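Enquirer: Sequence first, then the predicted structure:
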Amino acid sequence: MLFQDSLGAPSAISVSALSLYLKELLDTNDILQNIWVHGEVSNCKTYPSGHCYFTLKEGDAQLSCVFFKQARLRTAAPTLRDGMALAVNGRVAFYERDGKLQFYVDAVMQLGEGALFRRFEQMKARLEAEGLFDSERKRPLPQQPDIIGIVTSLQAAALRDMLRTLRNRYPLAQVILAPAQVQGADAPASIATALDLLNEHGEADVIIVGRGGGSIEELWAFNEEVVARAIARSRIPVISGVGHETDFTIADFVADFRASTPTAAAMAAVPDIADWQFELQEKQQLLTELIMEHIEDRQALLAHALRDLQHVSPQSIIAQRRQQIDECTERLQTHMQHSISLRAERLRGVSLQLHSLSPLLTIARGYAVVRQQRDEAVVTSTRQVQPGDIITIQVQDGQIAAQVQDSLEKI
């Protein structure tokens, strides 16, 4: 509503005032406070709080719906999922914070499956019957790819997430991007063409095809047959990473590996270099321990060999012989000293005996020894000398020279 002031200039009301006006307008409409609406469930999410949020679609129209936990439990409502055809009862209100109409659901009635869900099931059954989902045709992913092919939109946040994940986990890999539309009428052909181009290029070791989360309509391009057959004829292994963990598409069933999200697809495509680093550290530690153990074993063997070598070494033998010589020398010295001591004692005894028989002792008692001067023969008889002979007379303190004048025979 616009008003004019006295000067004719328009004056505007605030957003809060307009929001309040719309809310009161809807809240006071009896028809909109208790109404049944039917359509197909899309973009259904149930949070840990138990509240369920979904979009009810029919044709080109859609209505945001909220089904609170209390209402779900009170009515024993079935678990909602994308593709269900429902009739919902509740009221229409204006959610001021987000500035949008919302339908607050009080009760639901399942009408069957929606058109998109039936189409999905029919496509799935037909392609499965052809063998496109068989596990035998799925190829293993390369362990260490050099080149990663990516099929997604250039503007997609999922692309940035995948590139960041690849760079952090495995910076050795290169990336080839094949841009494609991932939503809208032209998306299926665009995705299939991008897949074919990567195969013609031929350098990629693995291909990631996908996009971020969205409603069943936004993800529908990955349910089209042209995309499924492009994945099936790819000579390069294909990883699908479409939407969130609860989202399943035909592309997921045909792909060689299904990842729950684009980020999970990037993680599945390459190894984590951090794991390699951890394993390398473990192997380095183990190798160090084995080397130290080997060195200790060799040191023990070397010590044992040195001991054996010392036993047979000439130096050892020489040392032993030297020790034996020293021992023999010591024994010989001991024996000689004992023998010398014994001989000395014997000599001392003989000396004493000779001393006792020595003529000097006799001389000391007043006797003398008479010798011929000419030959020092001892004179024991008068007949041995003649007058005029020179003789020596040995007494205790020296000798006396004398001349024989006469000799007297013993009477």
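Expert: Done, it's in. In this text, all values refer to a predicted model and were calculated from it rather than measured experimentally.
Enquirer: Which phi and psi values does Thr288 adopt?
Expert: Backbone torsions of Thr288, given as degrees, to the nearest 10, read phi -60, psi -40.
Enquirer: Met84 too?
Expert: Per-residue torsions, Met84: phi -70, psi 140 (degrees, to the nearest 10).
Enquirer: Repeat that for Ala377.
Expert: Per-residue torsions, Ala377: phi -70, psi 140 (degrees, to the nearest 10).
Enquirer: could you list every residue that touches it?
Expert: Arg371, Gln384 (Cβ atoms under 8 Å, 6 or more residues apart in numbering). Using the backbone N, CA and C atoms, a C-beta is placed for each residue, glycine as well.
Enquirer: Could you tell me the model confidence score at it?
Expert: Ala377 is assigned 86 on the pLDDT scale.
Enquirer: Quick check: the gap between it and Leu301.
Expert: 89 Å (Cβ to Cβ, to the nearest Å).
Enquirer: and if you look at Asp205?
Expert: In this structure, Asp205 and Leu301 are 49 Å apart, going by Cβ to Cβ.
Enquirer: Pick out whichever of these two has more residues nearby.
Expert: Neighbour count, other Cβ atoms under 10 Å: between Asp205 and Leu301, Asp205 has more, with 19 against 10.
Enquirer: my guess is the more buried one contacts Pro140, does it?
Expert: No: counting by Cβ atoms under 8 Å, Asp205 does not reach Pro140; the two are 11.6 Å apart.
Enquirer: Now for the two: what residues contact both?
Expert: The contact sets of Asp205 and Pro140 overlap at Pro237 (Cβ under 8 Å, 6+ apart).
Enquirer: Next SSE downstream of the longest strand anywhere in the chain?
Expert: Ordering each strand of the chain by length in residues (DSSP state E) puts strand 100-113 first. Remark: after strand 100-113, the chain's next helix or strand is helix 115-129, criterion DSSP states H and E.
Enquirer: what comes into contact with that following helix?
Expert: With contact meaning Cβ under 8 Å, 6+ apart, helix 115-129 is reached by 40, 42, 82-85, 113, 133, 216-217, 220, 223, 225, 228, 250, 253-254.
Enquirer: now stretch 149-160: how far from the chain's centre is it?
Expert: Relative to its chain's centre, stretch 149-160 lies at 33 Å (Cα atoms, centre = their mean, to the nearest Å).
Enquirer: Next: stretch 340-352.
Expert: Here stretch 340-352 is found 91 Å from its chain centre; the criterion is Cα atoms, centre = their mean.
Enquirer: For it, the averaged confidence score.
Expert: Averaged across stretch 340-352, pLDDT comes to 86.
Enquirer: how about the CA coordinates for it, as CSV?
Expert: Below are the C-alpha coordinates for stretch 340-352, written out as CSV (Å, rounded to 0.1, in the frame of the first residue of the first chain):
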residue,chain,number,x,y,z
ILE,A,340,121.8,-72.3,46.0
SER,A,341,120.5,-72.0,49.5
LEU,A,342,120.9,-75.7,50.0
ARG,A,343,124.4,-75.7,48.5
ALA,A,344,125.3,-72.6,50.6
GLU,A,345,124.2,-74.5,53.7
ARG,A,346,126.2,-77.5,52.7
LEU,A,347,129.2,-75.3,51.9
ARG,A,348,128.9,-73.6,55.2
GLY,A,349,128.9,-77.0,56.9
VAL,A,350,132.0,-78.1,55.0
SER,A,351,133.7,-74.8,55.7
LEU,A,352,133.0,-75.3,59.4
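Enquirer: What strand or helix carries Ile340?
Expert: Secondary structure assignment for Ile340, by DSSP H and E: helix 314-357.
Enquirer: So for Met1, what's the pLDDT?
Expert: In this prediction Met1 is given a pLDDT of 46.
Enquirer: Turn the buried ones among the contacts of helix 115-129 into a named ChimeraX selection, would you?
Expert: Only the buried entries of the contacts of helix 115-129 go into this ChimeraX selection, using 16 or more other Cβ atoms under 10 Å:
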select :40,42,82,83,84,85,113,133,216,217,220,223,228,250,253,254
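Enquirer: so is Thr246 in a helix, a strand, or just coil?
Expert: Here Thr246 is coil, with the state taken from DSSP: H, G, I helix; E, B strand; the rest coil.
Enquirer: can you count the residues close to it?
Expert: Other residues near Thr246 come to 12 when the count uses other Cβ under 10 Å.
Enquirer: Per-residue pLDDT of it, please?
Expert: 70.
Enquirer: Just say helix, strand or coil for the residue nearest to Leu111 when sequence neighbours are not counted.
Expert: The spatial neighbour of Leu111 that comes closest, neighbours along the chain excluded (Cβ to Cβ, 6 or more residues apart in numbering), is Ala85 at 4.1 Å. The three-state label given to Ala85 by three-state DSSP is strand.
Enquirer: mind checking how far Ala85 is from Phe248?
Expert: In terms of Cβ to Cβ, Ala85 sits 19 Å off from Phe248.
Enquirer: re earlier: the residue nearest to Leu111 reaches Ser42, doesn't it?
Expert: No: counting by Cβ under 8 Å, Ala85 does not reach Ser42; the two are 11.3 Å apart.
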